[in-house]
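Visitor: dropping the sequence and predicted coords here.
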Amino acid sequence: QVHLVESGGGLVQTGGSLRLSCAASGGTFSAYVMGWFRQAPGKEREFVASISRSAISTSYAPSVKGRFTISRDNAKKSVYLQMNSLKPEDTAVYYCAASRTEDFNIVEDIHGYDYWGQGTQVTVSS
C-alpha cells in the first residue's frame, strides 16, 4: 500500500510557474511507475505526465508538452511536476498516482494506476 500526498499548488498568474511535489510513504517507491493527472471543474480527470521507475522515460499530454517537466527522486520517494508558462486552461486539481504495472515503463491510462493522492489545487489567473 502506497500513500501519496501532493503539495505545491496555489494561485499564479498567466505565464507563471509552479512546482508540484508528491511524497510517497509505504511500499517500494522505485518499483512504481508514477504519473500526474488533473481534473478541471465539470471535466473528466485527464493524463498530464508519466515517468518510468528509473526516470529514463517520460511521457506528456500534448497540451503540456514543452511547458511541464516530470521528474522523480527515488531516494526521497518523491515525484515532481515543474509547470512553466502556465495558462488559465491549466487550472485544475492535480493528482499524483502510482502504478504497480510490471509490463510497461510509462502509463497514460487512468485505469492503469493503483494509488492516488488527494490532489492539490492549481489556479491560473488571466
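Guide: That came in fine, so what should we check first? Numbers count the residues shown, from 1 in each chain.
Visitor: which parts of this protein are strands?
Guide: Under the criterion DSSP state E, the chain contains strands at 3-7, 10-13, 18-25, 33-39, 46-51, 58-60, 68-73, 78-83, 92-99, 115-116, 120-125.
Visitor: dump those strands to TSV, plus mean pLDDT, mean neighbour count and distance to Ile106.
Guide: Every C-beta, even on glycine, is put in place using the N, C-alpha and C of the backbone. Shown next, in TSV, are the strands of the chain (pLDDT from 0 to 100; neighbours: other Cβ atoms under 10 Å; distance: least, Cβ to Cβ, whole Å):
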stretch	mean pLDDT	mean neighbour count	distance to Ile106
strand 3-7	98	17	18
strand 10-13	98	13	28
strand 18-25	98	19	17
strand 33-39	98	24	7
strand 46-51	98	23	5
strand 58-60	98	18	5
strand 68-73	98	18	10
strand 78-83	98	23	13
strand 92-99	98	23	9
strand 115-116	98	18	17
strand 120-125	98	17	22
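Visitor: go through those and name the closest to Glu108.
Guide: For Glu108, the closest of these is strand 46-51, at 4.9 Å, according to Cβ to Cβ.
Visitor: could you export the closest one as CSV, CA atoms only?
Guide: C-alpha atoms of strand 46-51 as CSV (Å, rounded to 0.1, in the frame of the first residue of the first chain):
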residue,chain,number,x,y,z
GLU,A,46,-7.0,13.6,-17.7
PHE,A,47,-3.5,12.4,-18.1
VAL,A,48,-0.7,15.0,-17.7
ALA,A,49,2.6,13.2,-17.5
SER,A,50,4.2,9.9,-16.6
ILE,A,51,7.7,8.8,-15.6
